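S.K.: Build me a model from this:
(chains A and B)
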Amino acid sequence: MFFRLYLYSIRQTTRQKLIMFWSLIFPIILGTLFRAAFGEFLNEEVIFHQIPVAYVAEEGASPAFAETLKFLEEDSELVEVIASDSGEAKKLLKEEKVEGIYYSRESGTQESGNITLTVTKQGMNQSILSSILEQYQRVFRTMHQISRENPAGIKEAAQVINQQCRYLKEGTISDTPKNAMTDYFYALIAMNCLMGVSMGLQIAVGFKANLSDLAARRVVSGTSRLEMILPDLLAKITVQFLCTVFAVCYLMFALKISLGDKFGFVLLTTLVGSIVGIFMGFFIGAVGTYRESLKEGVCICSMMLSSFLAGLMVGNMYRFLENHAPIVNRINPASLIVKALYSLNIYEGYDRYAQCMASLLVIAAVLGTGAFAMIRRERYASI
Amino acid sequence: MTKHVIEIENLVKRYKELVALDHLNLTVEEGEVFGLLGPNGSGKTTAISCILALLQFDKGSVKVFGKEMQPDSYDSKKQIGVVLQNVAVFEELTVQENIDYFCGLYIRDKEERKRCVEEAIVFSGLEDFRRFYPRKLSGGLLRRLNIACGIAHKPKLIILDEPTVAVDPQSRNRILEGIQKLNQEGATIIYTSHYMEEVEQICTRIAILDKGRCVAMGTKEELKAMIKTGEKIHIEVWELKAEQLEDIRRLHHVYQVDYREGMLEIRCSGGKHNLIHILDYMTRQEISFGRVYAELPTLNDVFLEITGKELRDSAE
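M.R.: Now for the predicted structure:
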């Protein structure tokens, strides 16, 4: 019986044009539009070049900053320092041969010296130069304060600062080329997975006799609801998963979007994402006696909100929420899918990926159990 | 010994302030076609929903095949076929697939199911439409599909809730004939309708519901015997004086006379040769008359006398 009901459910679902449009066609259209909108940005790998910067040291300038720049140039390969006088530096800046000028002047009161940065435009390189200066001044001030107030602790403080440096170097990063625009496609895949809410809602409505006549006919039949719901769930998950796989393949092979080289894990993520999407709709459909159209609205809003919070419409949303409301990123299914895909692409290890998948499975289990508990043996106050 | 298929005792169902079923008592015996007759809103569908354990009720008990009906009474449910008031089929499955789907919820054996589906298709006259999707079917064919989905598994008890609503006369006759055939094959039928002619045509026992109460129950003969009207006589009369009308009213067995728009309606309580007596009086009085016909009381008359309102005109 299970396999027969499963096949009928597959047939019934795939013959629904509207459902198939949203689950299969719409993500492909959106992906194509993204591709067209981002254009060549997607082909550019983020290759880091040393930032050329001029350094003008006036008489009496602190040697500490010069040492720092030397370290950043030789060890970190972050900047390329061109020592020059003020006139030459200005000329280089004007000709855009350097991104900025560090002026180091004598300062009677400031131990770190009077250091300023001059730039003529704003951009990532200028931001990095500014950050270097801020960081230098902050560390210098801290060390100076410690040496003044607690000279014995200066060694320990230096160790702490070194430790911070090591933290930054600890993460291993995969060889896959990265592109900031790829995040939009992760969010698109997440949205595609969550499109399953409509199918999930159909399952619930199909067993709520107060919402549909079809449900009444099924509920009064000689088969338990669990026996009917399970093949329906599995069939809808299958259809949604295949739709998402199709979209992923389209992104990877037709639009040439790089989603990493762990294709199997990407598919696993979309499978779990599809399960969460279906169970989300199933849960919303099972709650209360509200009419189907209202539940449909709630499903669509939930799916769109989840995708929005995962950065489908605004790129930095994930990082914004991480700073201001990290709990949202921990429980939002779309964010978890995005993070799982991101982790696969960025990190060599699977710890972060496994965490995301575990969270998604827990969400699916909670939603599925809740929905079934509400529908099981349900009798109605009115039909 | 007669077996009770359904026993309903003191069933009370309220929708907030509205009492949908008011201490309803019913028994349906094996092999009968039991009609639930009543206007819209009288509680027929609510009673059916309670029998099927779809609705919670406030008081009373419902037993089907001798067992208390619960949502998980699958043994009882397997022996029931339900044809709901509204068409309940999958729009995306063909006629044959729909029947097979629902039949499969009751019958697991593939060969047996195949045979049952085929028989249901033939029974409902859908042989030429087996690959059609429901949206391509006419209203009558859709109703037949609805019935086929409910009876394909050959249930012992078939509940049909107004299966002929919005159906053309040809399909209606076919449906009614089909129901009688199912009954002849051994199924017990519960048939709800507000069309008294249908109920009168096929039901062996009838319960009349009004405002959630069973106001009368019995065979159609028993129900008609409950009321005063034994015969209704209609005579087309162009002119009638008040004293002549009064004379007719005084005739033996006549208990009610109405004269409206040239039509005289006379209700007689039993007796024989009432028409002859009336026509004899009119001939003697030289009253001109046209068409004359007499009819026996209908279930509508029963309903009218018991509840004081027309069955046809009652609305939800």
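
S.K.: For burial, what's the neighbour tally of the residue of chain A found nearest chain B?
M.R.: Across chain A, the shortest distance to chain B (C-beta to the nearest C-beta) belongs to A:G222, at 3.2 Å. All C-beta atoms are positioned from the backbone trio N, CA, C, and that covers glycine. A:G222 has 17 neighbouring residues, counting by other C-beta atoms under 10 Å in any protein chain shown.

S.K.: What of A:I82?
M.R.: Using other C-beta under 10 Å: A:I82 sits among 16 other residues.

S.K.: Could you tell me whether B:V5 really is in a strand?
M.R.: Yes - under the criterion used here (DSSP: H, G, I helix; E, B strand; the rest coil), B:V5 sits inside a strand.

S.K.: how many other residues sit next to it?
M.R.: Neighbour count for B:V5, taken as other C-beta under 10 Å: 23.

S.K.: How much space separates it from B:K63?
M.R.: 9 Å (C-beta to C-beta, to the nearest Å).

S.K.: Extract the residue ranges of chain A that are flagged as low pLDDT.
M.R.: In the predicted model of chain A, residues A:39-49, A:76, A:107-113, A:161-180, A:383 satisfy pLDDT under 70.

S.K.: Would you mind listing what in it touches chain B?
M.R.: Taking C-beta under 8 Å from any C-beta of the partner chain as the contact definition, chain A meets chain B at A:1, A:4-5, A:8, A:11-13, A:15-16, A:209, A:212-214, A:216-224, A:228, A:377-383.

S.K.: Among those, which ones are in helices?
M.R.: Using DSSP state H, A:4-5, A:8, A:11-13, A:213-214, A:216-219, A:228 are the members of these that sit in helices.

S.K.: SS state for the residue located most distally from the centre of chain A?
M.R.: Ranked by distance from the centre of chain A (C-alpha atoms, centre = their mean), the top residue is A:E59, with 49.0 Å. Following three-state DSSP, the label given to A:E59 is coil.

S.K.: Look up how far B:L105 lies from the one residue in the stretch 151-300 of chain B that gets nearest to chain A.
M.R.: Closest approach between the stretch 151-300 of chain B and chain A, counting by C-beta to the nearest C-beta: B:H153, at 8.1 Å. Using C-beta to C-beta, B:H153 is found at 8 Å from B:L105.

S.K.: now do A:A358
M.R.: In terms of C-beta to C-beta, A:A358 sits 37 Å off from B:L105.

S.K.: and residue 85, what does it touch?
M.R.: Here I'm looking at chain A. A:V56 (C-beta atoms under 8 Å, 6 or more residues apart in numbering or on different chains).

S.K.: nope, chain B please
M.R.: Counting by C-beta under 8 Å, 6+ apart, B:Q85 has contacts A:D213, B:T45, B:D161, B:E162, B:P163, B:V165.

S.K.: Excluding covalently adjacent residues, which one is nearest to the third one?
M.R.: Nearest-residue entry for B:D161: B:Q85, 4.5 Å, with adjacent residues in sequence omitted and distances by C-beta to C-beta, 6 or more residues apart in numbering or on different chains.

S.K.: B:S73 is in contact with the residue of chain A closest to chain B, correct?
M.R.: No - counting by C-beta atoms under 8 Å, A:G222 does not reach B:S73; the two are 9.3 Å apart.

S.K.: where exactly do the helices run in the stretch 1-150 of chain A?
M.R.: With helices called from DSSP state H, counting those that start in this stretch, the stretch 1-150 of chain A shows them at A:2-14, A:17-20, A:26-38, A:63-74, A:86-94, A:124-149.

S.K.: hey, which of those helices is tucked in deepest?
M.R.: helix A:2-14 (a mean of 18; mean count of other C-beta atoms under 10 Å in any protein chain shown).

S.K.: Pull the residues that contact it.
M.R.: A:19-20, A:199, A:202, A:227-228, A:230-232, A:234-236, A:238-239, B:90, B:92-93, B:97, B:101, B:104.
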